[in-house]
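**Student:** Model the structure of this input:
(chains A and B)
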Amino acid sequence: MSPSPARIWVVALRVVRQLKRDRRTIGLITFAPIMLMILFGYALSGEMSGINLGLVDGGGHQLLRGNLESMSDFDVLHLGSESDAQRLIAEGRLDGAVVLAPEGVRVLLDASSPQISDAIAAAVQAGAAGERATGSGGNASPITRRYIFGYDLEMIDTIGPAVLGLVIFFFAFIVSAISFLREKTLGTLEKFMVSPLSRMEIISGYILGFSLMAILQSATTLLIVVFVFGVPMRGSPITAFAVILLLGAGALALGSFVSNFARSEFQVVQFIPIVIIPQIVLCGVFWPVQSVPEFLRPISYVLPLTYASDALREIMLKGAGLADILYPDLLALAAFFAIFFAAATLMLRREVG
Amino acid sequence: MAWSEARQAVSARGISKSFGRQRVLDELSVEIPSGLTYCLLGPNGSGKTTFIRAVVGLLRLDGGDLQVLGRPVGEVARLYPRIGYMTQHKALYPDLTVEENMEFYAGLYSLTKKQRKERMEELLRMVELSAHRSRLAGALSGGMYQRLSLACTLVHQPQLLLLDEPTVGVDPRVRQTFWEYFNRMAEEGKTVLITTHLMDEAEKCQRVGYMRAGRMAAEGSPEEILDKAGLQPILKLWLADLEESAALLARQGYPAAVKEGTVLVKLEARAQVKEILALVEPLDMRLVEPRLEEAFLLLAEGQ
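**Tutor:** Numbers count the residues shown, from 1 in each chain, chains lettered A, B, ... in the order given. Model prediction:
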């Protein structure tokens, strides 16, 4: 039987009808993200307190490295390569970086924030002087400076786009996991199984219905991020919207899939830490993926929020277009959606004892 | 084969199903002819629900042959547009209204707008919910909820109707309406398969299957089951001359006894009533049917 758009629509329409009647959930899905954004916004809206300094350790200079790491003004982030450092400075996520190599020390500085640049340069000079005094660095270690033009961004600007993705993912996941579980406990799922409705139509209708919710939610959250917190929107809001919806669809599919492993709402809630916390920690929301320990990075690269937050930053902060984020971001998000859509459909089949 | 589809709505031969160590269906065989009301009776845990779930293809059987509307159960998905299935869970959305629930199910079966409207009106009338159409299902009483669940199951006019305990919590008057509706469906050639643990429900069906421990302990029309159990109807006669008539009947070979001012005659067949009336002229009489319940208890003991 080929999928019938009419039947998918019947399921989607029902989901929307139920949502419309459920005031508390409407409140949850619209105001909770707003509240979260406001919370993040004010908590992170000041100028950055510490100086975010990247450190690329190419060998030697133990003393200088130790000095920089121990300075209380600096939040030191260990990076794998100089190009990572350049990129992060350009994105406004690092104030500067120090590249240590036996043949010399290179200091990368953000030209858009001279005061911070001076502070970094001074610290490196002082450290290098100390090395010379003890003779540990050797005299043959020249310090070179390079200026990169980054953004003069507030913290909310770099974090806002990623938090936007996180918030949408979180709520789409919970709402779909719990309401799909309800289909099981109400007995409606069993009844669907004995109706012309195919498994694919069930999942499609579900995701379509909740996507309408996600549109509402994404729109309000996006507006808050841009108009209340003044996070730049240099690219097209439509493209940003498309990224958010694709991420939301992935979260809905994941929620439907996960609900198969839960027998009660209580158990669904226990999945939240497993699904959400890794994404907060590993997906470059608050600190760049490049600073995640190397052995954990493969996980970062399978989590959808890594790609969504990257794409949203590119669009909002750098004005990237659809073509710029197609690979790998959009492709990865589409793959995540496709995999969990298929998995959710297949899991329904397994329900049959 | 078209004719077999017309004859047998469900045909099971030696079907088995175990959950872990528990054997829920134990080489069960049963033929459920088309166009009648069939009751699966049995204590809790006897395998009634499991059997129905097997018929609708929700269970993979361990063995045996199961045909539904003339097709192997593996192809049952193609028949879903013609099957109505009501589970013990009511399968309704409490946060949708009566009408919205029905519209939703009608939509799944791709009914046209006109068909939908007609069917909904008819069914709402039948389950006596017309006046409550705009109420949220969650605000209905238990019996009303049950009635709505039935209406949703019937919305696409199924050829084969499978109802798992459909009358629980429904008051006797509405229950009567249900039965009239089921009988009308059977007259139209549709098959209604009902599970229940209530004997008086079973007596309303044209055929009854009594399940015990995953097997069919007895099967047939209610009358046949009574015969099988060796339970006979008793003819109670009010006569002017008690002793004399009793003696007369006894001489003719009828087991007659005088009790509490009446003569009781155990019948071997209902046709004997006519013969007895040729011998005596009672002032009044009554045929006392044995209860199906007693028959099942007897049959169960005999297992």
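**Student:** remind me, longest helix of chain B?
**Tutor:** Counting by DSSP state H, the longest helix found in chain B is helix B:172-187.
**Student:** in its sheet, what does the helix or strand just after that one sit against?
**Tutor:** Using DSSP states H and E, the helix or strand that follows helix B:172-187 towards the C-terminus is strand B:191-196. Under the criterion DSSP bridges, strand B:191-196 sits next to strand B:37-41 (parallel), strand B:160-164 (parallel) in its sheet.
**Student:** just the ones you listed: most buried one?
**Tutor:** strand B:37-41 (a mean of 25; mean count of other Cβ atoms under 10 Å in any protein chain shown). The C-beta positions use only the backbone N, C-alpha and C, and glycine is treated the same way.
**Student:** Next, the angle from that strand to helix B:172-187.
**Tutor:** 120 degrees (axes from the mean of the first three to the mean of the last three Cα atoms, to 10 degrees).
**Student:** list the helices and strands the helix or strand that strand B:37-41 is followed by packs on?
**Tutor:** Scanning forward in sequence from strand B:37-41 by DSSP H and E, the next helix or strand is helix B:48-55. If contacts are counted by 3 or more Cβ pairs under 8 Å, 6 or more residues apart in numbering or on different chains; DSSP states H and E, helix B:48-55 sits against strand B:8-19, strand B:22-33, strand B:37-41, strand B:63-68, strand B:160-164, strand B:191-196.
**Student:** Repeat the analysis, applying 6 Å as the threshold.
**Tutor:** If contacts are counted by 3 or more Cβ pairs under 6 Å, 6 or more residues apart in numbering or on different chains; DSSP states H and E, helix B:48-55 sits against strand B:160-164.
**Student:** starting at the chain centroid, how far to the strand it packs on?
**Tutor:** 10 Å (Cα atoms, centre = their mean, to the nearest Å).
**Student:** same question for it, mean pLDDT?
**Tutor:** The average pLDDT within strand B:160-164 is 95.
**Student:** could you give the angle of it to helix B:48-55?
**Tutor:** 150 degrees.
**Student:** hang on, the earlier thing: output the longest helix of chain B in CSV with nothing but the alpha carbons.
**Tutor:** Taking C-alpha atoms only, helix B:172-187 is exported to CSV below (Å, rounded to 0.1, in the frame of the first residue of the first chain):
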residue,chain,number,x,y,z
PRO,B,172,-28.5,-3.2,30.4
ARG,B,173,-30.8,-1.1,28.2
VAL,B,174,-28.0,0.2,26.0
ARG,B,175,-26.5,-3.3,26.0
GLN,B,176,-29.8,-4.5,24.5
THR,B,177,-29.4,-1.9,21.7
PHE,B,178,-25.9,-3.2,21.1
TRP,B,179,-27.2,-6.7,20.7
GLU,B,180,-29.9,-5.6,18.3
TYR,B,181,-27.3,-3.8,16.2
PHE,B,182,-25.0,-6.8,16.2
ASN,B,183,-27.8,-9.1,15.2
ARG,B,184,-28.7,-6.7,12.4
MET,B,185,-25.1,-6.8,11.2
ALA,B,186,-25.1,-10.6,11.2
GLU,B,187,-28.3,-10.5,9.1
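**Student:** so for it, what's the average pLDDT?
**Tutor:** Here the average pLDDT along helix B:172-187 is 88.
**Student:** What are the buried residues along it?
**Tutor:** B:174-175, B:178-179, B:181-183, B:185-186 (16 or more other Cβ atoms under 10 Å in any protein chain shown).
**Student:** Look at A:Ile280 and report its pLDDT.
**Tutor:** 88.
**Student:** element containing it?
**Tutor:** Going by DSSP H and E, A:Ile280 is in helix A:265-282.
**Student:** what's the next secondary structure element after that helix?
**Tutor:** helix A:297-300.
**Student:** what does that next one contact?
**Tutor:** A:282, A:289, A:292, A:306 (Cβ atoms under 6 Å, 6 or more residues apart in numbering or on different chains).
**Student:** Perfect, that will be all.
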